[in-house]
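[1] Give the three-dimensional model of this entry:
(2 chains)
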Amino acid sequence: MSANELPFQDKLGFCNVLISALGGDGANMAAKLLFKVGCDQLGFDGGYDAKYGSEKKGTPTDVSVRFCKPGTPIRQVGPTATPHILAVFHADMMGPLELNRGLQPGATCIVNSSQSPEWVHTTLRMHSGRVICVDASRIAAEIGSRLNMPMLALLAHELGFDALIKEYVAKQWPRVAKQNIVAFEKALHSGQSSRFEPGLFPLAEEGISRGRIGWKNMLNGGTVDALTHNTGGRDNRLAGRGKIPEFHPESCTSCGICLTVCSDPGGLRWQGGKMAGIDEAFCKGCMRCVEVCPENKKGKALTFTDAGLGD
Amino acid sequence: MSQIARPPNRIALSHAIQVPWLGNGNEAVAKAIIDIGYDAEGYYPITPSSDVGEVVSKAVADGETDLAFIIGTSELAALSICAGVAVAGGRAVDVTSANGLMLKAEQMPAIAGLGLPMVLNLSTRDVSAPLNIKNGHSDLYAALGWGWIILLAPTVQAAYDMNIIAIKVSEAVNLPAIVAYDGFYTSHANRRIQVFRDQNDVRTFVGPPPFRKTLEAESGRFNLLDVNHPRTFGPYMNDDLINCKVQMDLKFEQAKELLPRIFKEFALLSGRHYDFVHQYGDRDAERCLVVLNTAGEAAKDAVDELKEKGESVNLVVPIVLRPWPEDEIVAAIGGAKRIVVAERASQYGASNYLANEIGAALQRRGNDARIIQRTYGVGGLNFTGKDALAMYDLAARWPKLEDKDEARTKWYYGAWAGDENYHPLPTLKPLTAAECSCNAGKDGKVNLRDLSSMPTRFDKHTACPGCGIFTTLNLFLRGIDGHVVFLFNTGCGMVVTTGYPLTSFKVPYFHNLFHNGSSTATGVVEMIKRYKARGEIPEDITAIVVTGDGGDDIGMDQVIGAALRNDPFILLEYDNKGYMNTGSQLCYTGFKGQRNSNAHLGAAQKGKLTHHKDIIEILRGTFAPYLATAAELHAVDMIRKARKAQATVRAGGFAFVKALSVCPLNWGMDEHVGPSAVEAMVNACMHPLVEIEHGITRVTIDPEKSGKKVPVSDAFRKMGGAYRHLLTPDYAPLLQEVQDEVDRRWMRLKAMSENALL
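    Predicted coordinates for the structure are as follows:
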């Protein structure tokens, strides 16, 4: 098959796609599929690289796919720092992770959000280009598919091979083909798109973020002072995705069983020997406590939230 | 077993048929291993090379290769397995990274010294503390003097190709060979490459398996198993040893002579040309950059960019490090006057590795070119074309540099000084012994509500939701009074709590790699004892080692040592039935038949091959004062055991507690199901709750007595996707086997529980 045209091309001949997601979102799977179909079916060449590490489920991850025409030397490694197409699985990560860094002028940003493209443009501090908003979380939840399907649909569409990807998705996971295809198509038809001209925000240079501790002030051997550098102030809401159990104090006998199964029990607020609720900055919404919370006449003190049920 | 003559010295097949193939560097190495057709792969998981074995083991399970995939207790064990295969005439291959190579260190010079050919793939990674799993070449440089041929593979394609070249040269000269490719940047980079369509083309190129006569006409390789001609391998040697060293150096001379021919043969076969050194750009240029592997590839874009601007620069990428191709390197450097030798490592307190060797080579030829040394790209910092431009810019400005650090001959590229005015205020008050004393005087009585007043010793980790590790640890700690010092073995437990610059621990904590926790604790408790004797520590401190079940595979010897010395600390093992931090490889604790990323289900294999390890029974022989098992949901039982463990330690003895810990991610279960799964496993007697005090066994929770005993299938049903296949008809005999083994062990425990003499 002869090579199709790519929507973008840098001076080295690459169209760079960056996906920002959380571990467990299926971003790697989506990127791998794009890469495979692009190379096997459309005759492109390129690379699929990820920022691997010890990232656990719920921690941020970058995945990138670069496409070029065959014969282009492929020399750079690691995720692209200069994306033409950016896919954001969680809109609340745009700011903290400074996803505008290295974003090319005229880029396309596909963002999982129920907000408007204007909101994304401002929140991302994007120089110029097109924003496509899609409520991928809702589509996935309603249809019983995964978040990566609607996102993959729009990514593939931007690259011009959504039809092939759709075929592949159906073949790859026959058991859930129906849901996936519905989610895929729904995403293609429900994206809101706007174009933004340069002017409001400057181009943000690619770069690595450097902490305030360097070789001049790092403690001997990289030691961490627990009194000044502890995770107490960390906000786990990103990992929890707002999915925490509901607490019903009237049903609670403070039996303490929840305390014995919680994996980050500072998040269970106990005061004077009594259970007083859940700290949402701690809780990652695993719902273990819901599983063990005993049912009494007044029901369970801890229950799934609506958002928690979908999983 | 007679020696097979080496086939006549002919040129290999030309232009074997190749096909495009998509995959990452690790998968390409696995493909090469399968294509070459080894007898065995010795295996132990380590990031970022683990998935080579995962792919190979999948092919084994699917019956696509007859390679023996043997999982060792450690990296040293894996390589020793390879040594055994090789001395018995087999072809062996191993794969490792960083600390894995460090642990193999004892075997490395031995294998080279004994002249055992084999291939070790090194997916490079920095060797460091604080621990880092990303790229660096300090592992590679450590191997420079170990007597192994060292070939580098800058791309995914080269990782495949170099494996085929490596085994050929290795067997030809009876030296082991390393193939080094960049961890993550190559190991996890997916590319389209060319592979041979027919394995036979690869096998013909490599040649028939040993034993054939090698280039060493008089002292070729022999087979340990030749009973008709017995030989002693690895004798004790005194003064003669120096002759061994001469022999090794001569072998490297042979390898140096032979490699061009093998490269040429490979080029004929594949169309891909390799050489000792890869030179790119202008050989007559004033400025030259020397870098290894992926950085060399990235730098080519910089060379092209400069060329377009009319600037002429040179790039030299060594491909063979041992034998050191001195003439070829000097020739490739050509007329350069300012050479930046950039390395993914540093030789602290001295000039860097390659810089020294290149400097010496140039000096020997009266070349006075200036060498500028830079350490770059360690621990996750990438090296791109932009960075290469910065290197050429440095060479252009040299030696007139204003910044005094930049003006140093040897310096770091990409390091930062930090903000010296950064003095954050404390956000945590240290825990006092008094506020952490909820258990004192409550020997048998446990009230969970009261225990809510125990402060948490850690907060806000980044473990996956539903992780069992911190449930277990938190619950156990509610039974531990006073000051605590933690010693963690490497594993998820340490990774998710101590990501620099923050720590989740509110109490003192030390991580000393994967398997050393128990010995390290011995040192720490010795110091506690000494400070106490001198009256310098007024309050008691309880040392707790926290390890995964993997840490008690690789560190079993050190655990046994601590138990035998009866050192006063608690060792808490969280057992999640696998090496979960590296990607769910099997641990000996796993159940027979369970699926792991290196124990697959296929036509030729049904998951894990052996029954679960019983560490309590292993430790029983140490007659340590307190051994116990625990599980969440049996909170009262666990708190009592924690108190007993602390009492044991306070009385001067060693206490070991193993707690069951679910891994929702790798078991494939919903996050909230953990507690029910643990309950089912306890009720199925798959994790019997017992304690052994001075050799006297007591079952503390008896599901049989309480009428709760369930078949193992009930537990497997709850445990998730890694176990669910055991419930299908195909696996019925295997399921029964697990049931029988679990029942047998349970009945033994019951018998011991009922009889103090057992």
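
[2] which bits of the stretch 201-350 of chain B sit near chain A?
    Counting by C-beta under 8 Å from any C-beta of the partner chain, the positions of the stretch 201-350 of chain B adjacent to chain A are B:Thr294, B:Glu297, B:Ala298, B:Lys300, B:Asp301. The way it works is simple: take the backbone N, C-alpha and C, and place the C-beta from them, glycine included.

[3] What are the boundaries of the helices in the stretch 401-550 of chain B?
    B:448-451, B:468-477, B:492-495, B:517-533 (DSSP state H, counting those that start in this stretch).

[4] Chain A now?
    A:27-40, A:117-124, A:136-143, A:148-159, A:162-172, A:177-190, A:237-240, A:257-261, A:288-292, A:306-309 (DSSP state H).

[5] highest average neighbour count across these?
    Using mean count of other C-beta atoms under 10 Å in any protein chain shown, the stretch among the helices of chain A with the largest mean neighbour count is helix A:148-159, at a mean of 26.

[6] List of residues touching that helix?
    Under the criterion C-beta atoms under 8 Å, 6 or more residues apart in numbering or on different chains, residues A:6-7, A:15, A:17, A:19, A:21, A:25-27, A:29-30, A:33-34, A:37-38, A:67, A:85, A:87, A:89, A:108, A:110, A:112, A:132, A:134, A:136, A:139-140, A:162, A:164-166, A:169, A:180, A:183-188, A:191 lie in contact with helix A:148-159.

[7] circling back: of all the helices of the stretch 401-550 of chain B, which one comes closest to chain A?
    helix B:448-451 (3.1 Å; C-beta to the nearest C-beta).

[8] what sits against residue 20?
    All of this is about chain A. A:Ser20 sits in contact with A:Ala27, A:Pro60, A:Thr61, A:Asp62, A:Leu86, A:Ala87, A:Val88, A:Phe89, A:His90, A:Met93, A:Leu97, A:Leu99, where contact means C-beta under 8 Å, 6+ apart.

[9] let's do chain B instead
    A:Cys39, B:Arg192, B:Ile193, B:Gln194.

[10] Within the helices and strands, which one has it?
    strand B:18-24 (DSSP states H and E).

[11] If you check chain A against chain B, which residue is the closest one?
    For chain A, C-beta to the nearest C-beta, closest residue to chain B: A:Gly214, 2.6 Å.

[12] can you pull the contacts of that residue?
    B:Ala415, B:Trp416, B:Ala417, B:Gly418, B:Asp419.

[13] do B:Ile329 as well
    So B:Ile329 contacts B:Phe276, B:Val277, B:Val316, B:Pro318, B:Ile358, B:Ala361 (C-beta under 8 Å, 6+ apart).

[14] mind checking how far it is from B:Thr427?
    Distance check for B:Ile329 against B:Thr427: by C-beta to C-beta, to the nearest Å, it reads 53 Å.

[15] what do you get for A:Trp215?
    According to C-beta to C-beta, A:Trp215 stands 24 Å off from B:Thr427.

[16] Also B:Gly491?
    Taking C-beta to C-beta, one finds B:Gly491 at 27 Å from B:Thr427.

[17] quick one: the strands in the stretch 501-650 of chain B?
    Along the stretch 501-650 of chain B, counting by DSSP state E, counting those that start in this stretch, strands occupy B:509-511, B:541-548, B:570-575, B:626-631.

[18] Does chain A have contacts with the second one?
    Pointing back at strand B:541-548 there. No: using C-beta under 8 Å from any C-beta, strand B:541-548 never reaches chain A; the gap is at least 13.5 Å.

[19] could you give the angle of that strand to strand B:570-575?
    Orientation check (axes from the mean of the first three to the mean of the last three C-alpha atoms, to 10 degrees): strand B:541-548 against strand B:570-575 gives 20 degrees.

[20] Look at B:Ala172 and say how many residues are nearby.
    A count of nearby residues for B:Ala172, using other C-beta atoms under 10 Å in any protein chain shown, gives 22.

[21] can I assume it is in contact with B:Leu258?
    Yes: under the criterion of C-beta atoms under 8 Å, B:Ala172 makes contact with B:Leu258 at 5.7 Å.

[22] A:Glu250 is in contact with A:Lys298, isn't it?
    Yes: using C-beta under 8 Å, A:Glu250 is in contact with A:Lys298, at 5.8 Å.

[23] Tell me which of the two has more neighbours.
    A:Lys298 (11 against 7).

[24] For that one, which non-adjacent residue is spatially closest?
    A:Ser251 (4.1 Å; C-beta to C-beta, 6 or more residues apart in numbering or on different chains).

[25] Please apply the same query to B:Trp746.
    In space, B:Trp746 is closest to B:Cys685, 4.1 Å off (C-beta to C-beta, 6+ apart).

[26] okay, now B:Leu754: neighbour count?
    Not quite, residue B:754 is Glu, not Leu. 11.

[27] show me the contacts for it.
    By C-beta under 8 Å, 6+ apart, no residues touch B:Glu754.

[28] quick one, phi psi at it?
    Main-chain dihedrals, B:Glu754, degrees, to the nearest 10: phi -90, psi -10.

[29] Pull up the gap between it and B:Arg698, please.
    10 Å.

[30] in chain B, which ranges drop under the pLDDT threshold?
    For chain B, the stretches flagged by pLDDT under 70 are B:1-14, B:210-220.

[31] Which residues of the stretch 51-200 of chain A lie near chain B?
    Applying C-beta under 8 Å from any C-beta, we find that the stretch 51-200 of chain A lies next to chain B at A:52-54, A:56-59, A:73-78, A:81.

[32] Many thanks, have a good one.
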